[in-house]
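Visitor: Sequence and predicted structure below; questions after.
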Amino acid sequence: MSAPLWLRACFLALPLTAAAGVFLPLVPGPVSGLFAYRLAAVLLAVYAIYVVMKYRPPLPRAARIALVIVAAVQVWSGFANLWSPNKSVALEATVASLFPFAGFAAVVVLATVYRGLLSKLCLGIYIAFIGSVLVAAYDLVFDDHFTQQMGVPTVFQGQATSFFLNPNNFACFLVTVVAVLVIDLIQRRPWWRRVGAAGSLVVAAYFMMLTQSRTGLLGLMAVGGLTIVVYGARTRFKYWLHGAVALAVFSVALAVLQTDRVTRAFYLVYDQVFTRNDAVVQSDEYRVMLTERGWQYFIDSGLMGVGPGNYVTILNTDPQLGNQAALNPHNLLIEIASQLGVVVLVPVLYALVFVLVECMRHSTARLNPAQSLRRDDYRLLSLAMLVALVFYAIVPSSAFLESYCWLCFAIILIATQKSCDLREAGSSPWRSKVGQPAPLPDPRLPRGTPARPATGPATGPATMAPGDGATA
């Protein structure tokens, strides 16, 4: 059974509210995206609890993993407050983590119970992409930042930032958009949808250049390379000409879009990558130092973590910091390990292993061609989004409390579970019958006989008891 209309609308709005809300927390009032996402996260969490408690569906492994991660974060954050150096910061971080993780668990649970919600999330990412591009286009046309007009200052002039305040964050958001667009590009969809996906990829690459982000461009190439390999393996490289034509059209489109801004951005990125001026070298060395300090705090704390939000607190006491600003480690896994320790790190790593193993496993089920293509699409979406998340997790100073980061992680788990359901070719039929009673055992049959549906009469000779019309 498909999801209610209000639930589908909520899933459509989630990516935009998560992306805008994370980077515009200074905008006051109820129109702030941060407030909207928190409201949606609480609403979805309450509804997910209602569905689970009332209908008691068999939750798949992806949903159980999400619930374990959320439980580990919330419970261990409460215990970690006891030994945190700055207990007020730890308490504030614990409360702030309620919203992104409640939304994360609710999205995974509801999307594995109801049909069609994963497509709504992907469409929501496309809507968020359109909104971010419109804001970035405003910045280019009027040579001003839209966020400054809303009272949020930015120090990045001449670079595309949209409503993300930081061009690197905008670039890595575009990488996650590309991970969704490539699915529309290779699926057997109407031609106009595939043309729209191709045009959107060109627009994404255009604004990617204007961000001047090395990490974003590398992520774009990684997702594109993964798509070529997976699509080529699926078609046994019979349609290699498709890739060559697409690459040629892509290059011509970028050449047509060449402007002074793009040319200048290209040379700036080239200078950062190959010339490596002093500013780039210092930035890279500082990020390496932050990662090393995070690993050191993880070991020194006895693998228990220093407490939520206390990485920066301890880093401020480091004599080697000098005049540099204390920032979080720009690495999601190191941030989790240094602050919450092995109790939270292990479930997150298990989730990543689950995704990789299930995506690499070959199907032994007898699937028809349409099911095989759907499974390949789910696998590609999961892997492409995972590659995009790798880059997204190392760009922001702190990705642990970013709602959009965990929303992408939810998409990875949901797509992996959909692939598992098709591979097993015998998953529980409950997910297509949300709102109906669970199957009930037939008291006339021997114990251990499969249950019959709760509605409708039992059919077939195996369910017919003596005296019900059978003839001797």
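Guide: That came through, no problem. Numbers count the residues shown, from 1 in each chain.
Visitor: Averaged pLDDT, the longest helix along the chain. What do you get?
Guide: Longest helix of the chain, by residue count under DSSP state H: helix 332-360. Average pLDDT, helix 332-360: 93.
Visitor: in that helix, what counts as buried?
Guide: 332-345, 347-348, 351-352, 354-355, 358-359 (16 or more other C-beta atoms under 10 Å). All C-beta atoms are positioned from the backbone trio N, CA, C, and that covers glycine.
Visitor: Please report how far residue 407 lies from residue 142.
Guide: 30 Å (C-beta to C-beta, to the nearest Å).
Visitor: can you check residue 183 too?
Guide: Distance from residue 183 to residue 142, by C-beta to C-beta: 34 Å.
Visitor: who has more neighbours, those two?
Guide: Higher neighbour count among residue 183 and residue 142: residue 183, with 20 against 10, using other C-beta atoms under 10 Å.
Visitor: Just the element for that one, please.
Guide: Counting by DSSP states H and E, the element that carries residue 183 is helix 167-186.
Visitor: If you count contacts, what does that helix end up packed against?
Guide: Counting contacts by 3 or more C-beta pairs under 8 Å, 6 or more residues apart in numbering; DSSP states H and E, helix 167-186 is packed against helix 117-142, helix 191-211, helix 214-234, helix 369-392.
Visitor: shaky segments in the protein?
Guide: 1, 21-34, 145-158, 188-189, 232-281, 321-326, 362-371, 425-472 (pLDDT under 70).
Visitor: can we see that at 80?
Guide: 1-2, 21-35, 140-159, 165, 184-191, 227-285, 318-327, 361-376, 422-472 (pLDDT under 80).
Visitor: Please report how far residue 69 lies from residue 88.
Guide: For residue 69 relative to residue 88 (C-beta to C-beta), the value is 25 Å.
Visitor: of those two, who's got more company?
Guide: residue 69 (23 against 10).
Visitor: Would you confirm that the more buried one contacts residue 344?
Guide: Yes: assessed by C-beta atoms under 8 Å, residue 69 is found in contact with residue 344 at 7.4 Å.
Visitor: and the residue nearest to residue 213 when sequence neighbours are not counted, how many residues sit next to it?
Guide: Of all residues not flanking residue 213 in the chain, residue 171 sits nearest, at 3.5 Å (C-beta to C-beta, 6 or more residues apart in numbering). Residues lying near residue 171 (other C-beta under 10 Å) number 31.
Visitor: Please name the residues that touch residue 171.
Guide: 208, 211, 213, 215, 216, 217, 219, 395 (C-beta atoms under 8 Å, 6 or more residues apart in numbering).
Visitor: change it to 7 Å
Guide: 208, 211, 213, 215, 216 (C-beta atoms under 7 Å, 6 or more residues apart in numbering).
Visitor: Check residue 159 too.
Guide: So residue 159 contacts 167, 210, 211, 212 (C-beta under 7 Å, 6+ apart).
Visitor: Repeat that for residue 310.
Guide: 84, 85, 86, 89, 90, 339.
Visitor: Just give the nearest non-adjacent residue to it, would you?
Guide: In space, residue 310 is closest to residue 84, 5.0 Å off (C-beta to C-beta, 6+ apart).
Visitor: cool, and residue 382?
Guide: residue 415 (4.0 Å).
Visitor: With residue 42 instead?
Guide: Per C-beta to C-beta, 6+ apart, closest to residue 42 is residue 102, 6.6 Å.
Visitor: Any idea how many residues pack against that neighbour?
Guide: The burial count for residue 102: 22, using other C-beta under 10 Å.
Visitor: now what about the helix or strand harbouring it, what contacts it?
Guide: Residue 102 belongs to helix 98-113 when assigned by DSSP H and E. Contacts of helix 98-113 with the rest of the structure, by C-beta under 7 Å, 6+ apart, involve 7, 37-38, 40-42, 44-45, 48, 51-52, 57, 59-60, 62-63, 66-67, 70, 73-74, 117-118, 401-403, 406-407, 409-410, 413-414, 417, 431, 434.
Visitor: repeat for stretch 403-414
Guide: 14-15, 18-19, 21-22, 37, 62, 65-66, 99-101, 103-104, 107-108, 111-112, 118, 121, 176, 351, 355, 382, 385-386, 388-389, 392-393, 399.
Visitor: again, but for stretch 174-186
Guide: 122, 125-126, 129, 193-194, 197-198, 200-201, 204, 207-208, 216, 219-220, 223, 227, 231, 377, 380-381, 384-385, 388, 391-392, 408.
Visitor: if we go to 8 Å?
Guide: Under C-beta under 8 Å, 6+ apart, the answer for stretch 174-186 is 122, 125-126, 128-129, 193-194, 196-198, 200-201, 204, 207-208, 211, 216, 219-220, 223-224, 227, 231, 246, 377, 380-381, 384-385, 387-389, 391-392, 408.
Visitor: hmm, which of these are the buried ones?
Guide: Buried among the contacts of stretch 174-186 (16+ other C-beta under 10 Å): 122, 125-126, 128-129, 196-198, 200-201, 204, 207-208, 211, 216, 219-220, 223-224, 227, 231, 246, 377, 380-381, 384-385, 387-389, 391-392, 408.
Visitor: and the angle from the helix holding residue 183 to helix 369-392?
Guide: 170 degrees (axes from the mean of the first three to the mean of the last three C-alpha atoms, to 10 degrees).
Visitor: Just the C-alphas of helix 167-186, formatted as PDB.
Guide: Extracted C-alpha coordinates of helix 167-186, given in PDB (Å, rounded to 0.1, in the frame of the first residue of the first chain):
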ATOM      1  CA  PRO A 167      31.400  26.900  -1.600                       C
ATOM      2  CA  ASN A 168      32.900  23.500  -0.600                       C
ATOM      3  CA  ASN A 169      29.600  22.600   1.100                       C
ATOM      4  CA  PHE A 170      27.600  23.600  -2.000                       C
ATOM      5  CA  ALA A 171      30.000  21.600  -4.200                       C
ATOM      6  CA  CYS A 172      29.600  18.400  -2.200                       C
ATOM      7  CA  PHE A 173      25.800  18.900  -2.100                       C
ATOM      8  CA  LEU A 174      26.000  18.900  -5.900                       C
ATOM      9  CA  VAL A 175      27.900  15.600  -5.800                       C
ATOM     10  CA  THR A 176      24.900  14.000  -4.000                       C
ATOM     11  CA  VAL A 177      22.600  15.500  -6.600                       C
ATOM     12  CA  VAL A 178      24.700  13.900  -9.400                       C
ATOM     13  CA  ALA A 179      24.400  10.600  -7.600                       C
ATOM     14  CA  VAL A 180      20.600  10.800  -8.000                       C
ATOM     15  CA  LEU A 181      20.600  12.200 -11.500                       C
ATOM     16  CA  VAL A 182      22.700   9.400 -13.000                       C
ATOM     17  CA  ILE A 183      19.900   6.900 -12.100                       C
ATOM     18  CA  ASP A 184      17.400   8.900 -14.200                       C
ATOM     19  CA  LEU A 185      20.000   9.100 -17.000                       C
ATOM     20  CA  ILE A 186      20.600   5.300 -17.300                       C
END
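Visitor: coming back round to it: how near is the residue nearest to residue 310 to residue 354?
Guide: From residue 84 to residue 354 the distance is 30 Å (C-beta to C-beta).
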